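Enquirer: below is the sequence, then the predicted model.
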Amino acid sequence: MRLRKGDLVEVLTGEERGRRGKVLEVQRNKQTGRARVIVEGLRLAKKHRRTTRADKPGGIIDLPTPVEESNVVLLCPKCGKRTKVRREPHEGRRVRVCRECDEIIDT
Ligand SMILES: [Zn+2]
């Protein structure tokens, strides 16, 4: 499954299993083709930062941790189901279509 920024996904494994959110970033490894995604509001790691300079206060900040692409599943924004997509030509370009409801997912 090739995910894109803005896709709605559900996490399949780990502590955050079953949680849903929007893909904020896709980090694809050009050599392996594998990708990790950063999902909005998920996998926030608490990082403790020491104050190093006066203008950079320390403390605890939330940093999103990337999830392996294979550990999330795409949710169709139209029917809300976990889905896979097929690609179809539509108005001169190829778009992703939900296999559950046949709606075009790309906007
Ligand atoms: Zn659908």
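Expert: Great, that's in hand.
Enquirer: which parts of the chain sit against the ion?
Expert: For the chain, the contact set with the ion under Cβ under 5 Å from the ion comprises Cys76, Lys78, Cys79, Cys98, Glu100, Cys101. Where C-beta positions appear, they are placed from N, C-alpha and C, glycine not excepted.
Enquirer: try it again at 8 Å.
Expert: Applying Cβ under 8 Å from the ion, we find that the chain lies next to the ion at 76-81, 83, 98-103, 105.
Enquirer: just the buried ones from the residues you listed?
Expert: Cys76, Thr83, Cys98, Ile105 (16 or more other Cβ atoms under 10 Å).
Enquirer: hang on, isn't the third one packed against Leu75?
Expert: I take that to be Cys98. No: Cys98 is beyond contact range of Leu75, at 9.6 Å (criterion: Cβ atoms under 8 Å).
Enquirer: what sits in contact with each of these two?
Expert: Common neighbours of Cys98 and Leu75, counting by Cβ atoms under 8 Å, 6 or more residues apart in numbering, are Lys81, Thr83.
Enquirer: low-confidence ranges in the protein?
Expert: 1, 43-47, 49, 56, 107 (pLDDT under 70).
Enquirer: for it, what spans make up the helices?
Expert: With helices called from DSSP state H, the chain shows none.
Enquirer: got a list of what the most centrally placed residue in it touches?
Expert: Closest to where the C-alpha atoms of the chain average out (Cα atoms, centre = their mean) is Val23, at 3.0 Å. By Cβ under 8 Å, 6+ apart, the contact list for Val23 reads Leu3, Arg4, Lys5, Gly6, Asp7, Leu8, Val9, Val37, Ile38, Val39, Glu40.
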